[in-house]
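S.K.: 3D model of this:
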Amino acid sequence: MKKRTLLLLTILILVVCLCCVIFHIHNSSPSALPLSSHQTPYTMAVENLSSKSGVYSEYYFAPNENEELQISVSLRENGTIDGAPRKVKILLFQIGVDDNIDSFTINDFSGSTQLSHTFTGLEANSHYFLRLDNLSGSTRFSGRLVDGTIEIS
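M.R.: Below you'll find the predicted structure:
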């Protein structure tokens, strides 16, 4: 009887651990890649982006006549307001290239932040998309969520 109880308890612990791993992978993976293009300007809205997760733009975009993509970023903290700063990274991807080709990080903002950035030197005949990653740390009691918009032009 003791061996059977021990075996059942071990199986239960393994199932719980597996569920935790699946939950973590699901909640830390960025959303699906964009499948279609969109004209600029376009505003990408982000809501309740949890710490250690990311989201791709819904569309991909052609650069402007100067071979640039300009973005205007407006972000604010959400979730538990614990005074802890947020940290996000914006990555630029080119269709057909496996890794990001450019990125920049917004370190330690509290409350809200606004800024503009220009991705330069892009290929005129290529298309590009963005990913916003919330790199903020988390605690048991604070999700350190991020909301906001990124206008792409």
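S.K.: Leu122 touches Tyr60, doesn't it?
M.R.: No - taking contacts as CB atoms under 8 Å, Leu122 lies outside contact range of Tyr60: 12.0 Å. Placement of C-beta: from N, CA and C, glycine included.
S.K.: what helix or strand is Glu151 on?
M.R.: In this structure, Glu151 is located in strand 145-152 according to DSSP states H and E.
S.K.: go on, Ile13?
M.R.: With secondary structure defined by DSSP H and E, Ile13 is part of helix 2-28.
S.K.: tell me the centre residue of the chain?
M.R.: The structure's the chain has its C-alpha centroid closest to Gly54; by CA atoms, centre = their mean the separation is 1.9 Å.
S.K.: quick check: it vs Ile150, distance?
M.R.: Going from Gly54 to Ile150 by CB to CB, to the nearest Å gives 13 Å.
S.K.: ok, Pro85 next?
M.R.: Using CB to CB, Pro85 is found at 19 Å from Ile150.
S.K.: for the helix or strand containing Gln70, packing partners?
M.R.: For Gln70, the element it lies in under DSSP H and E is strand 69-78. Counting contacts by 3 or more CB pairs under 8 Å, 6 or more residues apart in numbering; DSSP states H and E, strand 69-78 packs against strand 42-49, strand 86-94, strand 102-109, strand 112-119, strand 145-152.
S.K.: please redo it, this time with the cut-off set to 7 Å
M.R.: When contacts are defined as 3 or more CB pairs under 7 Å, 6 or more residues apart in numbering; DSSP states H and E, strand 69-78 packs onto strand 86-94, strand 112-119, strand 145-152.
S.K.: can I get those strands in TSV with distance to Asn134?
M.R.: Formatted as TSV, the entries for these read as follows, by distance: least, CB to CB, whole Å:
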stretch	distance to Asn134
strand 86-94	6
strand 112-119	13
strand 145-152	5
